[in-house]
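[1] build me a model:
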Amino acid sequence: MPFSDWLMVRLATRDYLQNVSAHDRYLEEDSKLASSPNPARRLLIHIQGKMGRSHSTAIEKRKRLYISYENNVESIAFSPSCTSNDVRELLITICGAPHISSLKLVDHLGQLVPISPTLECNSADKPYRLIVTTKRRDSILEIKKLVSNMGEIFEKVVQCHGNHEDLMKKIDYLESQLQMDGYQAIEIEKCKHDLMQLKSKINEEMACSERFKLLSARTRLHVTTPVTAKRDVPLYPKYILSGETIQYLKQPTFDMWNWEPNEMLALLEHMYVDLNLVIEFKMNLSVLKKWLRAVQANYRNNPFHNFRHSFCVAQMMYGMVHTCNLQEKFSRQDLGILLTACVCHDLDHPGFNNTYQINARTELAVRYNDISPLENHHCAVCFEILSDPETNIFANVDRETFKVIRQGIIDLILSTDMARHGEIVQSFKAITGCFQWSDPNHIKQLSAIMIKCCDISNEVRPFNVAEPWLECLLEEYFTQSDREKCEGLPVASFMDRSKVTKPTAQIGFIKYVLIPLYETLCELFPEIEQTMLQPLKDAYAYYETKKLEEDLAKDDTDRSKTCQALMDEKLALEKKLEGAQKTISNLTVVVTNSDNQTTTIPEK
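    Coordinates of the predicted model:
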């Protein structure tokens, strides 16, 4: 008997010995079974036929059916009390198909009959015809090939070593592999389906990312636009804010340097809850958390234009809302637009201003035609984040409301471009005398002035909070000016590290930009004069004093240098005089009298 046939017999024998009683183990098969041409098939069918539920049933009560498959008629016998699965296993054994195959049974009249133990007995001349509708021929051929190969290997092992125990262990392992084949095939199909879905999703993401490709290596050096807004970010832990912290958060003196990024996210979340924006826009709190985390992830690690600066601007706006009691004057929708614009106003800032973008002809400048390239980019990234349902805090508002919100946020972010500063301030000054809270245009202009005030509000804060911001800003300015020098681009004097000091950087900015801006806002909100305008005047006086001290120190240095130069000159003259005296003393003086007689005066 070939080893492959012996292996099939061995597998079936072991199942039989584990499941049948000692009495059934020695029952003899009917003489008709002995007529099968294949001895392995005879024994296999004989054993499988004895694996019904009632093994102690007498042989005469068992059913016998004749099955035709591929022009061969096989006989099977089973107990009427066995299950449909038992009958199906016998049919699978006949056809040699995998367990996942679908079987059909047709009687001699061509009618489809169910595979069950209730099948009527037939004869060899009228067998049931077995049809395999889904047959994995490739798997069967591989299994047969595997069995054949293993058989050859085992035969060599038996011939060489005769280690039957080791051989039986290998047979057991092979059997488990054969039994798992059907299940593995199903899992493979599932994996293929999942991979196809994943591939489709990746292709969609790659198609979206085409909009963010850089135009050149130089552009990549200057502005590294993200392929897509970062969204898949973890949530931050939950914090419980004390009453003292909540009150401190409303003050312009708030020191943001003492707070970690996760804590700042929790404070921003509190602002949205406290102003009833979560209720107004029907925000899901988990979506709000994901949105805040996504915003944080899309700020770069610049010295100045980073997520901490974003929080600083939003916190000053929050404090201004409470100081000026804007909850009773602004609609919740307008408050939501204001706060969201503050949070997003510098998204993905590259650390180089609009002047550099335009002069260097970066991708952003080309894309936005040199018109507020950075501010337009901030808006684009903001709404890229909001385009994701998982981070869209405005997902539950209607279409028309979202259009208003979108336009409001865009207008406010664009107004932070300092190139439009004079235009925006003059436009607001024209309406301060006749300001109407019911006029949407007036509210729009006021919102623009407020976000500008918050964007450049560092000097409103205490000195120990404001000075680190100045150092960060100068560091960013000096980095830009150094690159502009290397690339042969124009360099602004207020960014040149060889010309700028802290006082010179701030005096003009406070005097000509900050104070006039806050004075304009004070005409509408006198209550901020002491809390915001006065600190600016104090800062101006401080830097004026520092400038005077620097000038005096410089004058002292200049005087010291002048005195030292005069002393050096005096010493040089004295040395020259001493040398002249020595020369004169070495000369011989000759005196001529009236009679033309000469007299020599010797050296003393």
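
[2] rest of the way, CA atoms for contacts and neighbours
    OK.

[3] how far away is residue 371 from residue 410?
    Here the criterion is Cα to Cα, to the nearest Å. By it, residue 371 lies 14 Å from residue 410.

[4] OK, contacts around residue 431?
    Counting by Cα atoms under 8 Å, 6 or more residues apart in numbering, residue 431 touches residue 442.

[5] how far away is it from residue 425?
    Using Cα to Cα, residue 431 is found at 10 Å from residue 425.

[6] same question, residue 583
    From residue 583 across to residue 425, the span is 79 Å (Cα to Cα).

[7] and for residue 436?
    The value you get for residue 436 to residue 425, if Cα to Cα is used, is 17 Å.

[8] which of the two has more neighbours?
    residue 425 (20 against 12; other Cα atoms under 10 Å).

[9] is it fair to say that one lies in a helix?
    Yes - secondary structure assignment (DSSP: H, G, I helix; E, B strand; the rest coil) places residue 425 inside a helix.

[10] where does the stretch 51-200 of the chain dip in pLDDT?
    51-61, 134-197, 199-200 (pLDDT under 70).

[11] again, only this time at 50
    Counting by pLDDT under 50, the stretch 51-200 of the chain contains low-confidence residues at 51-60, 135-137, 160-162, 183.

[12] then the stretch 201-350 of the chain?
    The model of the stretch 201-350 of the chain has pLDDT under 50 over residues 211-228.

[13] can you show me the helices along it?
    With helices called from DSSP state H, counting those that start in this stretch, the stretch 201-350 of the chain shows them at 217-222, 243-248, 261-274, 277-280, 285-297, 307-323, 332-344.

[14] tell me which residues of the shortest one come out buried.
    Which is helix 277-280. 277-278, 280 (16 or more other Cα atoms under 10 Å).

[15] burial measure for the nearest residue to residue 461 once chain neighbours are set aside, as a count.
    Computed as Cα to Cα, 6 or more residues apart in numbering, the closest residue to residue 461 that is not its neighbour in sequence is residue 253, at 5.1 Å. Using other Cα under 10 Å, residue 253 has 19 other residues around it.

[16] what about residue 253, distance to residue 291?
    Going from residue 253 to residue 291 by Cα to Cα gives 27 Å.

[17] state the pLDDT value of residue 435.
    Residue 435 carries a pLDDT value of 95.

[18] got it, and residue 589?
    We have a pLDDT of 51 for residue 589.

[19] same check, this time on the one 3 residues further on
    pLDDT for residue 592: 55.

[20] again with residue 374
    Among the per-residue scores, residue 374 holds a pLDDT of 97.

[21] same question, residue 584
    So residue 584 comes in at 75 (pLDDT).

[22] what's the neighbour count on it?
    Using other Cα under 10 Å, residue 584 has 10 neighbouring residues.

[23] what's the answer for residue 398, then?
    Residue 398: 10 neighbours (other Cα under 10 Å).

[24] any idea how far residue 282 is from residue 339?
    Distance of residue 282 to residue 339, given as Cα to Cα: 16 Å.

[25] the two - which one has more neighbours?
    Each of residue 282 and residue 339 has its neighbours counted (other Cα under 10 Å); residue 339 has more, 25 against 14.

[26] wait, what's in contact with the more buried one?
    Residue 339 sits next to 314, 317-318 when contact means Cα under 8 Å, 6+ apart.

[27] shared neighbours, residue 431 and residue 425?
    Joint contacts of residue 431 and residue 425 (Cα under 8 Å, 6+ apart) do not exist.

[28] can you show me the strands along the stretch 501-604 of the chain?
    589-592, 598-601 (DSSP state E, counting those that start in this stretch).

[29] what's the mean pLDDT across the last one?
    Average pLDDT, strand 598-601: 55.

[30] likewise for stretch 520-527?
    Stretch 520-527 carries an average pLDDT of 95.

[31] kindly report the same for stretch 388-407.
    Here stretch 388-407 scores 96 as its mean pLDDT.

[32] comparing residue 371 and residue 410, which residue is more hemmed in?
    When neighbours are counted by other Cα under 10 Å, residue 371 and residue 410 differ, and residue 410 comes out ahead with 20 against 17.

[33] can you pull the pLDDT of that one?
    98.

[34] relative to residue 412, how far out is the closest residue to it other than its chain neighbours?
    The spatial neighbour of residue 410 that comes closest, neighbours along the chain excluded (Cα to Cα, 6+ apart), is residue 379 at 6.0 Å. Relative to residue 412, residue 379 is positioned 10 Å away (Cα to Cα).

[35] ok, these two, which is more surrounded?
    Neighbour count, other Cα under 10 Å: between residue 379 and residue 412, residue 412 has more, with 26 against 23.

[36] give me the distance between that one and residue 406.
    Residue 412 sits 10 Å away from residue 406, going by Cα to Cα.

[37] repeat that for residue 250.
    Distance of residue 250 to residue 406, computed by Cα to Cα: 26 Å.

[38] wait, is residue 64 part of a strand?
    Yes - assessed with three-state DSSP, residue 64 lies in a strand.

[39] report the beta-bridge partners for it.
    When assigned by DSSP bridges, residue 64 has beta-bridge partners residue 77.

[40] give me the neighbour count for it.
    19.

[41] residue contacts, it?
    75-78, 121-122.

[42] ok, longest helix in the protein?
    Looking across the chain with DSSP state H, the single longest helix is helix 534-585.

[43] for that helix, name the packing helices and strands.
    The contact analysis (3 or more Cα pairs under 8 Å, 6 or more residues apart in numbering; DSSP states H and E) places helix 534-585 against helix 502-509.

[44] contacts for the helix it packs on next, please.
    Residues outside helix 502-509 that contact it (Cα under 8 Å, 6+ apart): 470, 494, 540, 543-544, 546-547.

[45] considering these, which possesses the most neighbours?
    That'd be residue 540 among these, by other Cα under 10 Å, with 22 neighbours.

[46] state the distance from it to residue 288.
    For residue 540, the distance to residue 288 equals 39 Å [Cα to Cα].

[47] and residue 113, by the same measure?
    Separation of residue 113 from residue 288 (Cα to Cα) stands at 61 Å.

[48] which one is residue 319 nearest to, not counting chain neighbours?
    Excluding the flanking residues, the one nearest residue 319 by Cα to Cα, 6+ apart is residue 250, at 4.2 Å.

[49] doesn't residue 324 make contact with that neighbour?
    No - using Cα atoms under 8 Å, residue 250 is not in contact with residue 324, being 11.1 Å away.
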